[in-house]
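In: Here is a sequence together with a model predicted from it:
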Amino acid sequence: MTSLSRGRAAAIGLIAAGSALAAGHLVAGFGDPRTSPPVAVGGAFIDLVPPGVKEFAVALFGTADKIALLTGMGVVIAAIAVTAGLLSRHRVLPGALIIGAFGLVGIAAALSRPEGAALPAVVS
């Protein structure tokens, strides 16, 4: 197998993560949209953050706190996806493991939510 260029590998990582998120979001749309993987992970993150950090975020971002959270999640997801792509330039396994771990985090977050529906995260 020939190795991919850095740009192509990064793009493939972004496409893989984006496709996974889109599939999970699509499945959630047929049921409870709150079970969408990004929504479930964001909710779980908010639940885990100490109250002082939440209060700071609300004070800093005001009514745009959820937009700031989703933007931050998007940046982190993109960084993970690019890293997975770059690590898979020569072999598929490193990126597949990273994306698999990414999916497991989504499943765990979905199961931790009151809605408890993991199917969208499993699909992604």
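Out: That came in fine, so what should we check first?

In: What is the burial count for A44?
Out: Neighbour count for A44, taken as other Cβ atoms under 10 Å: 18. All C-beta atoms are positioned from the backbone trio N, CA, C, and that covers glycine.

In: and it, what does it touch?
Out: For A44, the contacting residues are A108, A109, S112, R113, by Cβ atoms under 8 Å, 6 or more residues apart in numbering.

In: Then A20?
Out: So A20 contacts P37, I99, F102, G103, S124 (Cβ under 8 Å, 6+ apart).

In: any idea which of the residues you listed is closest to A9?
Out: Distance to A9, by Cβ to Cβ, is smallest for I99 among the contacts of A20, at 13.1 Å.

In: which of the residues in stretch 56-73 are buried?
Out: A57, D65, L69 (16 or more other Cβ atoms under 10 Å).

In: To which secondary structure element is the first one assigned?
Out: Which is A57. Following DSSP states H and E, one finds A57 within helix 51-61.

In: what's the next helix or strand after that helix packed up against?
Out: Next in sequence after helix 51-61, counting helices and strands by DSSP H and E, comes helix 65-87. With contacts defined as 3 or more Cβ pairs under 8 Å, 6 or more residues apart in numbering; DSSP states H and E, helix 65-87 has these neighbours: helix 6-29, helix 37-48, helix 51-61, helix 93-112.
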